[in-house]
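Novice: coordinates only, sequence not included:
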Ligand SMILES: O=C(O)[C@H]1O[C@H](OP(=O)(O)OP(=O)(O)OC[C@H]2O[C@@H](n3ccc(=O)[nH]c3=O)[C@H](O)[C@@H]2O)[C@H](O)[C@@H](O)[C@@H]1O
């Protein structure tokens, strides 16, 4: 008799088959998902490659800047909306840097959208030198004024690259693209009293920024450019010997601003000594004029007088007037160009000094101090309106009571001579001020 089928065995077999089927289908699923995963990686790589071939400058962008995100918004500000760091950008930089006269200079102007930077860039371009500007357009004062200066420069064929002096890859790139003969370094955190509110900004721009620039100029640039840069009359600090001479002591700065400019002069000495950089420091004395800085007294006073708002006038503790050696912008520009023209070549290359190099420092002042109250009187006359004066004793804010430049060294070496008195210079400033803000308000009204 046939024995009955062993049902427990069949069930076991069935379970085993089921198990094998599950294992197999799991294997198939995992194999196909691996395949899918590999395929998607391949597709992504292919897409990136395709994208890169079409937009190579985007890669450059991330390479050249630590703050690429901020930079990407700058691209549209170039004159023809070219991509930063790309071939078209390099062409624009080279074209702006090309001199239009035989043996013209090739100058990188930092702080080119600033007050002195704009005037110097224009003057250089007008006489046929090649100029490329660099400016970070920060908001220390109304950036729209800096943009307006940038437009003015652009109309004269000067490109202002939107970037920071602390951006070493950008500086390196610029000095790679153009063998600049000179750097006119005017980018800085200016303002004496603001240093109490934002001390770090002075260290960042006036110390770290200067070092960043000198590092690239000394170690990377080939040839090394000659450097002319903006120091300040404020380095004389608590010095009481007048008029201020370059031979006087400058080791008692009264503000952090002054201390960072003094530090800059010491740093300049070091880079000259170690690397053979030719460096000229210019001590500016309260520069004023059209396209000026709204944070400065003559500018903000004009604003307030026209709006019927009060102005604060400082008076020295002993009751004497605070005085400044106000210097008109055109005179300062001549001094800057004189310094560039007489600057000797740097002697080093690749971070190695080949011989002693030129190291200079000059006062660029007007040589006739004027009480601030008198400056206000001139403005009142020009504006046809009385100021609401609020006179207070000079607070502990880093201000010095008096400045007066001895410019005999600049006269001798740079051919410098200040020819504009305060009344003449302020007249030109007021004419510009009225025109500029009139045009601006009409533009805003029609927008
Ligand atoms: O030549 C320089 O070394 C310096 O000149 C100016 O600094 P400052 O002379 O203080 O120029 P303003 O801020 O325009 O002040 C001019 C005068 O007006 C006075 N003042 C300023 C502001 C104010 O509200 N009231 C007032 O009486 C100041 O005490 C000073 O005597 C610039 O702001 C600095 O960047 C530059 O380095």
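Specialist: Thanks, I have it. Fair warning: this is a prediction, and the values are worked out from it, not measured in the lab. Residues are numbered from 1 along each chain as shown.

Novice: how about the residues of the stretch 251-400 of the chain near the ligand?
Specialist: Contact residues (Cβ under 6 Å from any ligand atom) of the stretch 251-400 of the chain with the ligand: 284, 285, 286, 296, 297, 312, 313, 314, 322, 324, 372, 399. For the C-beta atoms, the positions are set from N, CA and C on the backbone; glycine is no exception.

Novice: Give me the phi and psi for the second one.
Specialist: This means residue 285. For residue 285, the backbone dihedrals are phi -110, psi 100 (criterion: degrees, to the nearest 10).

Novice: okay, the residue nearest to it when sequence neighbours are not counted: pLDDT?
Specialist: Spatially, and ignoring its direct neighbours in sequence, residue 285 is nearest to residue 365 (3.4 Å; Cβ to Cβ, 6 or more residues apart in numbering). Predicted confidence (pLDDT) for residue 365: 98.

Novice: Might you report the residue contacts of residue 424?
Specialist: By Cβ atoms under 8 Å, 6 or more residues apart in numbering, the contact list for residue 424 reads residue 328.

Novice: Can you tell me the SS state at the residue of the stretch 51-200 of the chain found nearest the ligand?
Specialist: Closest contact between the stretch 51-200 of the chain and the ligand, by Cβ to the nearest ligand atom, is at residue 190 (3.6 Å). Per DSSP: H, G, I helix; E, B strand; the rest coil, the local secondary structure of residue 190 is coil.

Novice: Check what pLDDT it gets.
Specialist: At residue 190, the model reports a pLDDT of 98.

Novice: Surely it touches residue 293?
Specialist: Yes: counting by Cβ atoms under 8 Å, residue 190 does reach residue 293; the two are 6.7 Å apart.

Novice: Pick out whichever of those two has more residues nearby.
Specialist: Higher neighbour count among residue 190 and residue 293: residue 190, with 26 against 20, using other Cβ atoms under 10 Å.

Novice: Spell out the residue ranges of the helices in the stretch 51-200 of the chain.
Specialist: Along the stretch 51-200 of the chain, counting by DSSP state H, counting those that start in this stretch, helices occupy 56-64, 68-72, 87-97, 115-126, 143-155, 168-177, 199-202.

Novice: quick one: which of these has the weakest pLDDT on average?
Specialist: Looking at the helices of the stretch 51-200 of the chain, the lowest mean pLDDT belongs to helix 56-64 (a mean of 34).

Novice: tell me how far the ends of stretch 339-349 are from each other?
Specialist: Taking Cα to Cα, to the nearest Å, the first and last residues of stretch 339-349 lie 22 Å apart.

Novice: Check the helices of the stretch 51-200 of the chain for me and report the most buried one.
Specialist: Most buried of those by mean neighbour count (mean count of other Cβ atoms under 10 Å) is helix 115-126; its value is a mean of 24.

Novice: Understood, closing this out.
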